[in-house]
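> Predicted model follows, preceded by the sequence.
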Amino acid sequence: MRKSILFTGGGTAGHVTVNLALIPHFLREGWEVEYIGSENGIEKQLIAGLDQVRYHAISTGKLRRYFDWNNFKDPFRVLKGIFQAYRLIRRQKPGLIFSKGGFVSVPVVIGGWLNRVPVIIHESDLTPGLANKLATPFASKVITTFPETTRYFKSDRAEYVGAVIREELKQGDREQGLAICRFSPNKPVLLIMGGSLGAKRINEAVRENLVSLLEQFQIVHICGKGQIDSSLQFEGYKQFEYVSDELPHLMNMADLVISRAGSNSIFEFLALRKPMLLIPLSKAASRGDQILNAESFKKMGYCDVLQEEEMTAETFLNAVFRLFDRRAEVVAQMEKNEGEDPRDKVIRMIEELAKA
């Protein structure tokens, strides 16, 4: 019997990561895998590396919470996207649609509903994004990463499953990470990741404190596109714009992590037992979801939090050294977080719903 699944989600890397964690399983099991995204979004770049996945681009409109003249044009782009998605889904006849969210996913979920194809929506953040709120009425099931999130969906279709983690991250090798960066095995490693959109403020804080940090740590700094400072040439300091295949090795060798508080990333650090200092995007730059993610992790004892509004060169440095001093306590708390692998749970859910 033909088995097929269609994935969607995009706009940021966080709206693709869970899909990338699931797709290899279905390819190995002989499923036909399709992906619907935007023409120029990051999802197209990330899916391009998967030769067996057919990518389809549709028209999209950004869902804004603020005034912009494009708000008058984008509804027509969304309507065009719904029509394109409807035709694609009708032609491809997938057994199920898995949506990770982002503005591109709304037309796809509605197109699936119009074709009577079951849809699972995945919500990573503690509070739902606007796209998932709009798409939920058209979904068969909504699954969440945080247990608290289910209360935001007024539906018995919402279910907590936990964080879906990419298999390859657990296969990282510390020795390979040290070799990539030419680091010593005898000095702690600090990994800094600012995210694809929010790296600038963290980069500034790191560079203001670089000399002091290098006395204690070797530093691997993932800076973001166009944000490498080539004037900073220090032993034990390695900069990257972006990493892909190397990431599992770099994460494995890290003793401490500094990061934004995007849901996918912080759950990956949790799975790898990496103490983290989280600096969530402020409400001025986001809807505040990272602040809630970070506070939830702090309550569980998995991290320390430094709010961006409180970040200075001095508070940043103090926060890093404070976390390093109590890293064993944080790791012990993380080790209490055991249970069934959420990825296996989601795969089983997809297979059962597609079969039904």
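Yep, that arrived.

> was I right about A131 contacting G102?
Yes. Applying C-beta atoms under 8 Å, one finds A131 in contact with G102, separated by 5.7 Å. Using the backbone N, CA and C atoms, a C-beta is placed for each residue, glycine as well.

> where exactly do the strands run in the stretch 251-356 of the chain?
Taking DSSP state E, counting those that start in this stretch, the strands of the stretch 251-356 of the chain run over residues 256-259, 276-278, 303-305.

> And the chain, by the same measure?
Using DSSP state E, the strands found in the chain span residues 4-8, 32-37, 53-57, 96-99, 119-123, 141-144, 158-160, 189-193, 218-222, 237-240, 256-259, 276-278, 303-305.

> Can you get me a residue count around R326?
R326: 11 surrounding residues under other C-beta atoms under 10 Å.

> go on, E309?
8.

> what sits against it?
S282 (C-beta atoms under 8 Å, 6 or more residues apart in numbering).

> tell me the contacts of S155?
S155 neighbours (C-beta under 8 Å, 6+ apart): T136, V142.

> Give me the phi and psi angles of it.
phi -160, psi 140 (degrees, to the nearest 10).

> any idea how far S231 is from it?
54 Å (C-beta to C-beta, to the nearest Å).

> Show me where the stretch 51-200 of the chain dips below the pLDDT cut-off.
62-72, 195-198 (pLDDT under 70).

> Helices of that one, start to end?
74-92, 105-114, 130-135, 174-181, 200-208 (DSSP state H, counting those that start in this stretch).

> Switch those over to a markdown table; also include mean neighbour count and distance to N337.
Converted to a markdown table, the helices of the stretch 51-200 of the chain look like this (neighbours: other C-beta atoms under 10 Å; distance: least, C-beta to C-beta, whole Å):
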| stretch | mean neighbour count | distance to N337 |
| --- | --- | --- |
| helix 74-92 | 17 | 37 |
| helix 105-114 | 25 | 29 |
| helix 130-135 | 21 | 25 |
| helix 174-181 | 16 | 21 |
| helix 200-208 | 19 | 25 |
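
> In a markdown table: those helices, plus distance to A163.
Shown next, in a markdown table, are the helices of the stretch 51-200 of the chain (distance: least, C-beta to C-beta, whole Å):
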| stretch | distance to A163 |
| --- | --- |
| helix 74-92 | 28 |
| helix 105-114 | 19 |
| helix 130-135 | 16 |
| helix 174-181 | 22 |
| helix 200-208 | 22 |
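
> To K283, which of those helices lies closest?
Nearest to K283 among these is helix 200-208; the distance by C-beta to C-beta comes to 14.1 Å.

> And that closest one, what does it pack against?
Contacts defined by 3 or more C-beta pairs under 8 Å, 6 or more residues apart in numbering; DSSP states H and E place helix 200-208 against strand 218-222, helix 313-325.

> now the last one: mean pLDDT?
Along helix 313-325, the predicted local confidence has a mean pLDDT of 96.

> What is the neighbour count of the residue lying closest to R327 once chain neighbours are set aside?
Nearest non-adjacent residue to R327, counting by C-beta to C-beta, 6 or more residues apart in numbering: P275, 4.4 Å away. With neighbours defined by other C-beta under 10 Å, the count for P275 comes to 22.

> residue contacts, P275?
Per C-beta under 8 Å, 6+ apart, neighbours of P275: D255, L256, V257, C303, L323, F324, R327, V330, V331, M334.

> 10 Å instead?
For P275, the contacting residues are 254-257, 269, 302-304, 323-324, 326-331, 333-334, by C-beta atoms under 10 Å, 6 or more residues apart in numbering.

> go on, P342?
V18, A21, I143, T145, Y160, V161, G162, A163, V164, I165, F267, A271.

> repeat that for 8 Å
Neighbours of P342 in contact, by C-beta under 8 Å, 6+ apart: T145, V161, G162, A163, V164, I165.

> Name the nearest residue to it, sequence neighbours excluded.
G162 (3.4 Å).

> my read: that neighbour touches T145, true?
Yes. Between G162 and T145 there is a contact at 6.4 Å, judged by C-beta under 8 Å.

> So which of those two has more stuff around it?
More neighbours surround T145 than the other of G162 and T145, with 23 against 19 (other C-beta under 10 Å).

> That one contacts S265, doesn't it?
No. Between T145 and S265 there is no contact under C-beta under 8 Å: 11.7 Å.

> Could I get the pLDDT score of the residue lying closest to D173 once chain neighbours are set aside?
Distance criterion C-beta to C-beta, 6+ apart; nearest residue to D173, sequence neighbours excluded, is H249 at 5.4 Å. Per-residue confidence (pLDDT) for H249: 97.

> my guess is H249 meets Q171, correct?
No. Contact criterion C-beta under 8 Å: H249 and Q171 do not qualify, at 9.2 Å.

> ok, those two, which is more surrounded?
H249 (22 against 10).

> how close does the more buried one get to L190?
Counting by C-beta to C-beta, the gap from H249 to L190 is 15 Å.

> One more: V109?
40 Å.

> Alright, I will stop here.
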